[in-house]
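Asker: Test case, fold it:
(one chain, ligands or ions: 2)
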Amino acid sequence: GWPAEEQLLEGLNPAQRKAVVHGGGPLLILAGAGSGKTRVITRRIAWLAARGGVGLDGICAITFTNKAAREMRERVETLLPTRGSWISTFHAMCARILRRDVETLGFEDGTRYTRDFSIYDTADRNSLIKRIVKDLGYDTTRFRPAQVGAWISEQKNLARRGEGEDSLVEGIEHEVLRRVGERYQETLRAANAVDFDDLLLLVLELFDRHPGVRDSYATRFRHVLVDEYQDTNHVQYLLTRHLASAHGNLAVCGDPDQSIYAWRGADIRNILDFERDFPGAEVVRLEQNYRSTQAILDAAQAVIRHNSQRKEKELYTEGEAGEPLGLLECGDENEEADQIALRIAKLRSEGFGYGDLAIFYRVNFMQRALERGLRLAGIPYRIAGGVEFYQRKEIKDLVSYLKLIVNPDDDVAFLRVVNVPARGIGDRSLELLSGWAADRRVSLLRAAASSEARSQIRGRAKKGLEAFAGLMENLRDFAGRSASEALEALLEETDYLTWVVQSSEENAETREENIEEFRANAETFDSDDPEGGLRAFLEDIALVSEVDSLGEGEDAEGRVTLMTVHAAKGLEFPVVFLPGLEEELFPHFRAVMDEAGVGLEEERRLMYVGLTRAMKRLFLSWARTRTHFGQSSWREPSRFLRELPQDLAAESEPDEVDLLGAYDDREAGAGLGEGDWVMHEHFGRGQVERLRGSGVNARATVRFPSAGTKTLLLQYAKLTKL
Ligand code: ATP
Ligand code: MG
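Answerer: Ligands and ions are numbered 1, 2, ... in the order given. Below you'll find the predicted structure:
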């Protein structure tokens, strides 16, 4: 049955109730972080559906991310006995509308999209653009697909604003971009495909040109609700207006201090001008924060007050004062990760679960060191909204190459890289090669190395296979060398980096950074374990992937969450770590360079978002040096740290120093020395060859007569001295 009124209003304060039961007409919920905006939107959906007599069908609710939409759907569905609702992101909503009505939309040339249209994601888009740039005879290194794609996207959205084209690009460049852009749009249309921008723009066009269709949605939905309204762009604003055009029943909520997508076209004016755009709007302010301790809230407010472009809002909590913030100064990014791992161990002993903890980073490359630190400490983690490092295409490619160096019979690795970078080897040639290899029961690489096998294959592919076999032959000797030597040789022989930069199927810059991180990773491995070499490195990687692929579903609760600060918007965690609080990292160097200071204010809002995710504990850290692009540089603490109230951030809390000591003691207590004989529960008796690292990082290399030489983390290895 339908829930009772009391149930729907349970656990809401008077201001929240007012917003939930608001009858009709425009409603603006303007409030700071953690004040229950999302809770109000969710309850209001249930309230309208249950008490407003419109059912869930009559409600259109829009959230910012798929994750947020899923959560909201789940929450509403626990309150209501019905299923199937229009609670989704703008993109998902538009895709759904187009599936029904896109055929109404004819183009000047008489063509139209059909319902079966496909959606191109950013990678698809970029590979298409690359093809076009090439077809038109331009240079793909000068006109990088990702950049051209971003330009096209911007133009499409700008055109809607009637602001004309980007005047920054002029002359020949401009002409090229325009030609590529036109061809791109034609090709999409011919392929019956749309990109992410088109999803929204086509619906807007549909609504503009076909008021009948527009009205069918505007009347079908009796209420429209939008969460995180401060991050809507102009097209989303226009869509929202269309949807609310029949009745004006539009409820939006947002926090101007959390507007963090200006760089992607979000327009903060949408929320600031709401009352003007929708006359008669009721404004509800929520001033009580239910999420964070006083200490966390004070810190967040102290930082955001440094922005000049803002309206001061009230925000208080009746919750506990809470622990002071933890501030960690570290030597470098690896130490930072180890320090975080230490604190996690301590938090666990205080009763927090892994699932209560989150680490937010400003820039993706920081993920590497953090993952390494967690992995060494045996802490389970998951990466939200990102591909795990070793799942990334470029890393997988390089790892496959390395595997093939060590094991030439690895056909899976062969197939992954034989045509990467492109060597003109197509599916047909590979079929022939596989047939030959299967008949003779040899691996693909061996077949490729045989001139008899290659004689069955024609043209470029034949040459390509020969080149590939030769390349692998040249690299063969590196199987017994160190990880970084092998990787360097590989990068040089294949010219992989240049290829990545030039092809840039996805985001060339990010991929380049990832490869640099991978290099640094190989070097660290080599210095930690000089005898291990390439083979041990690959084993190490295989174990990470295995751990990562385990329990992705059930076990997600029991893991520390890693994500970017941007992705953390709207979420909350009992404990939050914010590493990398350094000038030119957070705030990002582009913002620091921005003289107008607009970028800096956006960075500060991002910082505010990060700080306000924390419920109970908050740890901020920075490193005196950090390695990026294979280069180590000296760092300055972030200005945001200086903006915190003095008494809030306790530097290196004493008990945490003790904790460090405890680890060292345990290590010392183990009393191991090189040459000692030890007992291991699986490997039996062995002799310690080398000791290195300290704290959670302490490792021993032990030669076990029965199991060979192993490098073990002392923290977990449980070695008994004999
Ligand atoms: P953000 O600005 O970060 O998106 P928000 O304003 O949307 O935050 P919510 O996520 O809705 O805030 O709520 C923050 C937390 O406070 C949630 O855990 C929510 O369940 C809780 N909360 C909200 N309102 C109340 C209330 N009246 N009583 C108790 N807890 C509440
Ligand atoms: Mg929210």
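Asker: And the residue of the stretch 601-722 of the chain found nearest ligand 1, what's its pLDDT?
Answerer: Going by Cβ to the nearest ligand atom, ligand 1 is nearest to Thr612 of the stretch 601-722 of the chain, at 5.9 Å. Any C-beta I mention is one placed from the backbone N, CA and C, and that applies to glycine too. Reported pLDDT at Thr612 in the predicted model: 98.
Asker: Gly693 too?
Answerer: Looking at Gly693, its pLDDT is 66.
Asker: now do Ala190
Answerer: Looking at Ala190, its pLDDT is 72.
Asker: Ok, Glu163 next?
Answerer: Note on Glu163: pLDDT of 59.
Asker: Show me what from the stretch 1-150 of the chain comes close to ligand 1.
Answerer: Listed as neighbours of ligand 1 in the stretch 1-150 of the chain under the rule Cβ under 6 Å from any ligand atom: Gly11, Leu12, Asn13, Gln16, Ala31, Ala33, Gly34, Ser35, Gly36, Lys37, Thr38, Arg39.
Asker: let's go with 8 Å and repeat that
Answerer: With Cβ under 8 Å from any ligand atom as the criterion, the stretch 1-150 of the chain meets ligand 1 at residues 11-13, 16, 31-42.
Asker: ditto for the stretch 201-350 of the chain
Answerer: Residues of the stretch 201-350 of the chain lying close to ligand 1 by Cβ under 8 Å from any ligand atom are Asp227, Glu228, Cys253, Asp255, Gln258, Leu286, Gln288, Asn289, Tyr290, Arg291.
Asker: out of those residues, who's nearest Gly424?
Answerer: The nearest member of these to Gly424, counting by Cβ to Cβ, is Glu228 at 47.9 Å.
Asker: Check the stretch 201-350 of the chain for the residue nearest ligand 2 and tell me.
Answerer: Closest residue of the stretch 201-350 of the chain to ligand 2, Cβ to the ion: Asp227 (6.1 Å).
Asker: wait, the residue of the stretch 601-722 of the chain closest to ligand 1 sits on Gly34?
Answerer: Yes. With contacts counted by Cβ atoms under 8 Å, Thr612 reaches Gly34, the gap being 5.8 Å.
Asker: Name the residues contacting each of the two.
Answerer: Arg291, Ser292 (Cβ atoms under 8 Å, 6 or more residues apart in numbering).
Asker: Among those two, which residue is more densely surrounded?
Answerer: A side-by-side neighbour count of Thr612 and Gly34, using other Cβ atoms under 10 Å, places Thr612 first with 31 against 25.
Asker: In contact with the more buried one, which residues are there?
Answerer: Applying Cβ under 8 Å, 6+ apart to Thr612 gives the contacts Gly32, Ala33, Gly34, Gln258, Arg291, Ser292, Ile296, Leu297, Ala300.
Asker: got it, and Phe274?
Answerer: Contacts here follow Cβ under 8 Å, 6+ apart; on that basis Phe274 touches Pro26, Leu28, Tyr229, Val252, Ala281.
Asker: from the residues you listed, which is closest to ligand 1?
Answerer: Tyr229 (11.1 Å).
Asker: Could you tell me how many residues sit around the closest one?
Answerer: Neighbours of Tyr229 under the rule other Cβ under 10 Å: 29.
Asker: Let the chain start at 20 from now.
Answerer: Okay, using 20 as the starting number, the last item reads as Tyr248.
Asker: Might one say that it is in contact with Val271?
Answerer: Yes. The pair Tyr248 and Val271 qualifies as a contact (Cβ under 8 Å) at a distance of 3.9 Å.
Asker: who touches both of those two?
Answerer: The contact lists of Tyr248 and Val271 share Ile290, Phe293, where a contact means Cβ under 8 Å, 6+ apart.
Asker: before we move on, the earlier item: pull the most distant pair out of the residues of the stretch 220-369 of the chain next to ligand 1.
Answerer: Using Cβ to Cβ, the two most remote members of those are Glu247 and Gln307, lying 19.7 Å apart.
Asker: okay, those two: which has more neighbours?
Answerer: Glu247 (26 against 18).
Asker: How about that one: what's its closest non-neighbour residue?
Answerer: Excluding the flanking residues, the one nearest Glu247 by Cβ to Cβ, 6 or more residues apart in numbering is Phe83, at 4.2 Å.
Asker: do the same with Ala388
Answerer: Nearest residue to Ala388, sequence neighbours excluded (Cβ to Cβ, 6+ apart): Glu352, at 4.0 Å.
Asker: Wait, the one you found touches Met385, no?
Answerer: Yes. At 7.1 Å, Glu352 counts as touching Met385 under the criterion of Cβ under 8 Å.
Asker: what about those two, which has more around it?
Answerer: Each of Glu352 and Met385 has its neighbours counted (other Cβ under 10 Å); Glu352 has more, 27 against 24.
Asker: Can you get me a residue count around the residue of the stretch 220-369 of the chain closest to ligand 2?
Answerer: Asp246 is flanked by 25 other residues according to other Cβ under 10 Å.
Asker: The one 10 residues further on too?
Answerer: By the measure other Cβ under 10 Å, the count of residues near Tyr256 is 20.
Asker: How is it assigned, secondary-structure-wise?
Answerer: When classified by DSSP: H, G, I helix; E, B strand; the rest coil, Tyr256 comes out as helix.
Asker: what's the distance between it and ligand 1?
Answerer: Distance, Tyr256 to ligand 1, by Cβ to the nearest ligand atom, to the nearest Å: 19 Å.
Asker: Distance check, that residue against Leu219.
Answerer: 11 Å (Cβ to Cβ, to the nearest Å).
Asker: How about Val213?
Answerer: From Val213 over to Leu219 the distance is 10 Å, taken as Cβ to Cβ.
Asker: do Glu708 as well
Answerer: Distance, Glu708 to Leu219, by Cβ to Cβ: 62 Å.
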